[in-house]
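Student: With the sequence up front, the predicted model follows.
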Amino acid sequence: MKTKYLFYFIFVLGLLTSCNKETTWPALIITGQNSHNWQASSPILKQVLDNTGMFACEIVTTPEKGGDMSTFSPDFSKYRLVVIDYSGDSWSETVRNSFVEYVNNGGGVVIYHAGCSAFPEWKEYNEMIGLGGWGGRNEKDGPYMYYQRNNLVADTSAGPAGSHGESREFVVRSRKPDHPVMKGLPNRWLHGQDELYSQLRGPAKNMEILASAFADTVPGGGTMRDEPMLMTITYGKGRIFSTVMGHANEQGGPAIQCTGFIVTLQRGAEWAVTGDVTQPVPFDFPSIAGVVLRIDYKELTPEEALSNLGSYDVSKSTKSLTCLQHYIRTIANNPDELLKMEKKMNTALARSETTVEAKKLILRELSWIGTEYSLKSINDLTADEDLKDEALFALERLSR
């Protein structure tokens, strides 16, 4: 009997161990030809997805433009997610059929930025991406899709697909706040300088627009419409997440470093694999007040945000303040964590290198969350003519 129970114990332990190994999903990033800088973008996409701990990404490059595409033959069945960072020569019929089979059978897909301009002649691909641009696409490929006065419009008028003006920062607006990818994110947030894709059109079958952005007139063009930025599409049993944001230059750049782009990509990738999102909203997610960049593509820590706040220049960015305020909100019901942050803020107040502007902002936050611990530090600052008013205001609030 003991041998029998020991066998069951080992069997169950083996099952649990094998389940734990399934928490990291193999993912394939396809690149090698693109109208954009794929040499910069693909390694960044790999890092961003690997950072979640959910994915183990592999990058495969196709032959150069005009090369022998018959040598490109990935085994899609090995992967739970395929990321398209590609816009170039057509794949072979065998590879196209294999990809359609992969998605039909439940494979997850992410379409990244210029991936929406790939394969204008491939019917199934255009159904998978919902909306696309460039490549000779026009009214034969489906309607323009955009929001006007908060109404979703399917515009069948004639015209080419795909345009963007000069890169700029723009506000992204959530259109499906209850969708797993968007749940918990701000209704509006400011995105880093990027190409705002406009005039996308396509089959738009089984598609949900998760977020849009207003394409105001700038040099190079603007539609004065709310254009789709984030979309989900179902195809067979497969799920596709499409983001047209995230333009990369040689150094990466603000569009692909933007926390909003990074987080929605990570959440969209998880949704494409599982149909759900378990990742919490990070404390450094941007608001409409300012762009938040992850220079190294990792989540900022509260300590980094507070350190950056020490050299605060309101004319350049509010990101560090935004991060700090968001973090304080997340720990609002945790007195121990609030006290730890309060002590760190007091340390920043005492530093000579912390700017006057930064100290004013810290005093403002301490007026809300401060305790007796901060009274001496704040009182000392009443002797500073530049900080006297803010210090007195904080003391008055803390005494209530």
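Tutor: Right, received. Where do you want to start? Numbering: from 1, shown residues only.
Student: What are the boundaries of the strands in the stretch 1-150 of the chain?
Tutor: Along the stretch 1-150 of the chain, the segments classed as strands by DSSP state E, counting those that start in this stretch run 25-31, 55-61, 81-84, 108-112, 144-148.
Student: Please work out which residues outside whichever helix or strand comes after the last one touch it.
Tutor: Scanning the chain past strand 144-148 towards its C-terminal end, the next helix or strand to appear is strand 151-155 (assignment: DSSP states H and E). Where contact means Cβ atoms under 8 Å, 6 or more residues apart in numbering, the residues beyond strand 151-155 that reach it are 143-147, 201, 204, 209. Using the backbone N, CA and C atoms, a C-beta is placed for each residue, glycine as well.
Student: just stretch 387-395 next, same as before
Tutor: When contacts are taken as Cβ under 8 Å, 6+ apart, the neighbours of stretch 387-395 outside the stretch itself are 356, 359-360, 363-364, 366-367, 370, 374-375, 378-379, 381-382, 384.
Student: go again using 7 Å as the cut-off
Tutor: The set of residues that contact stretch 387-395 without belonging to it, under Cβ atoms under 7 Å, 6 or more residues apart in numbering, is 356, 359-360, 363-364, 366-367, 370, 378-379, 381-382.
Student: hmm, which two among the residues you listed are most spread apart?
Tutor: Spatial extent of the contacts of stretch 387-395 (Cβ to Cβ) is set by the pair Val356 and Gly370 at 19.0 Å.
Student: ok, the two, which is more surrounded?
Tutor: Neighbours of Val356 and Gly370, each counted by other Cβ atoms under 10 Å, are more numerous for Gly370; the result is 23 against 12.
Student: mind listing what the more buried one touches?
Tutor: By Cβ under 7 Å, 6+ apart, the residues touching Gly370 are 342, 394, 398.
Student: Same check on Ser73?
Tutor: With Cβ under 7 Å, 6+ apart as the criterion, the residues that contact Ser73 are Val95.
Student: Look up how far Asn97 lies from it.
Tutor: If you measure Ser73 against Asn97 using Cβ to Cβ, to the nearest Å, the figure is 12 Å.
Student: Ser163 now?
Tutor: Here the distance between Ser163 and Asn97 works out to 32 Å (Cβ to Cβ).
Student: just Ala289 next, same as before
Tutor: Ala289 sits 49 Å away from Asn97, taking Cβ to Cβ as the criterion.
Student: Show me which of the two is the more surrounded one.
Tutor: Ranked by neighbour count (other Cβ under 10 Å), Ala289 and Asn97 place Ala289 first, with 15 against 12.
Student: wait, isn't the more buried one in contact with Thr322?
Tutor: Yes. Between Ala289 and Thr322 there is a contact at 5.4 Å, judged by Cβ atoms under 7 Å.
Student: any chance of the strands of the stretch 1-150 of the chain in TSV, with distance to Lys123 too?
Tutor: Written out in TSV, the entries for those read as follows (distance: least, Cβ to Cβ, whole Å):
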stretch	distance to Lys123
strand 25-31	19
strand 55-61	24
strand 81-84	16
strand 108-112	16
strand 144-148	18
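Student: Out of the ones you listed, which one sits most buried?
Tutor: Among the strands of the stretch 1-150 of the chain, judged by mean count of other Cβ atoms under 10 Å, the one packed with the most neighbours on average is strand 108-112 (a mean of 27).
Student: That one - contacts with which helices or strands?
Tutor: Packing contacts for strand 108-112, counted by 3 or more Cβ pairs under 7 Å, 6 or more residues apart in numbering; DSSP states H and E, involve strand 81-84, strand 238-243, helix 259-274.
Student: pLDDT of the last one, averaged?
Tutor: On average, the pLDDT along helix 259-274 is 98.
Student: now do the first one
Tutor: Throughout strand 81-84, pLDDT has a mean value of 98.
Student: now the helices: where do they sit in this protein?
Tutor: Applying DSSP state H to the chain gives helices spanning 2-21, 38-50, 93-104, 123-129, 254-257, 259-274, 302-309, 319-330, 335-350, 356-369, 375-380, 388-398.
Student: circling back: buried subset of the contacts of stretch 387-395, written for PyMOL?
Tutor: Buried residues within these, as defined by 16 or more other Cβ atoms under 10 Å, are selected in PyMOL through the command that follows:
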select buried, resi 359+360+363+366+367+370+378+381
